[in-house]
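A.B. asks: sequence and predicted structure, then a few things I'm wondering about:
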Amino acid sequence: MASEKTNVMRVLEQHKIAYTPHAYPHGKEAVDGVSVAALLGQDVRQVFKTLVARGKSGGYHVFVIPVAKELDLKKAAKAAGEKSVELVHVKELLGLTGYVRGGCSPVGMKKAFPTVFDESVQSLPSVMVSAGKIGWQIECAPDDLLALVRAESAPLTTD
């Protein structure tokens, strides 16, 4: 289906991780994750968004949570072993990760930052994250994805 391969897809193939690419229609702007899930006919609990935060220590952390949920900064800080964390400004995203807002993936960032997925990922048969480009998502087994990015899982969302 994917006539174009994204960097994320190439990384998954290099590591022999099975995935399914999904394309969705989009304009110039990023589409919010709930809309992406609807466009793809997917359960919003299985579609995850990638957020990048800076910890009080100055280090960066990646948090991957269900698209319909909000990141709880206190829980995120605890999971990251930081006193506090704040989301990076959208202007910083491309330089830091190599990805734009709406196309940020936990796979294949410029640098491997400590990554934490919301604990709900553990109960899913498959998870979808951005394929690194607006208009593309990849779906794969949660265990494969977490192992690839050396992620942990923890409670991260507001109740």
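C.D. replies: Done, it's in.
A.B. asks: where does the prediction get shaky in this protein?
C.D. replies: 1-3, 28-30 (pLDDT under 70).
A.B. asks: where do the helices of it begin and end?
C.D. replies: 7-14, 33-40, 73-80, 90-97, 142-148 (DSSP state H).
A.B. asks: which non-adjacent residue is nearest the residue nearest in space to the middle of the chain?
C.D. replies: Nearest to the geometric centre of the chain sits residue 50, at 3.0 Å (CA atoms, centre = their mean). Among residues not flanking residue 50 along the chain, residue 104 sits closest, at 4.5 Å (CB to CB, 6 or more residues apart in numbering). Glycine gets a C-beta too; all of them are placed from N, C-alpha and C.
A.B. asks: cool, and residue 22?
C.D. replies: Nearest one to residue 22, counting by CB to CB, 6+ apart, is residue 137 at 4.5 Å.
A.B. asks: quick one: residues contacting the residue nearest to the centre of the chain.
C.D. replies: 62-64, 99, 104-106, 129-130 (CB atoms under 8 Å, 6 or more residues apart in numbering).
A.B. asks: in TSV, list the residues you listed along with distance to residue 153 and neighbour count.
C.D. replies: Converted to TSV, these look like this (distance: CB to CB, whole Å; neighbours: other CB atoms under 10 Å):
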residue	distance to residue 153	neighbour count
62	13	22
63	11	30
64	9	26
99	22	25
104	19	25
105	17	26
106	12	29
129	14	26
130	18	28
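A.B. asks: bridge partners for residue 50, pull those for me.
C.D. replies: residue 64 (DSSP bridges).
A.B. asks: mind listing the strands in this protein by residue range?
C.D. replies: 20-23, 48-55, 60-66, 85-87, 115-118, 127-130, 136-140, 152-154 (DSSP state E).
A.B. asks: so which of the contacts of residue 50 would you say is closest to residue 148?
C.D. replies: residue 106 (8.6 Å; CB to CB).
A.B. asks: for residue 43, which residues are in contact?
C.D. replies: residue 37.
A.B. asks: just confirm residue 108 contacts residue 5, I think it does.
C.D. replies: No. Shown here, residue 108 and residue 5 do not form a contact pair, counting by CB atoms under 8 Å, at 11.6 Å.
A.B. asks: the two: which has the busier surroundings?
C.D. replies: residue 108 (21 against 14; other CB atoms under 10 Å).
A.B. asks: I am finished for the moment; much appreciated.
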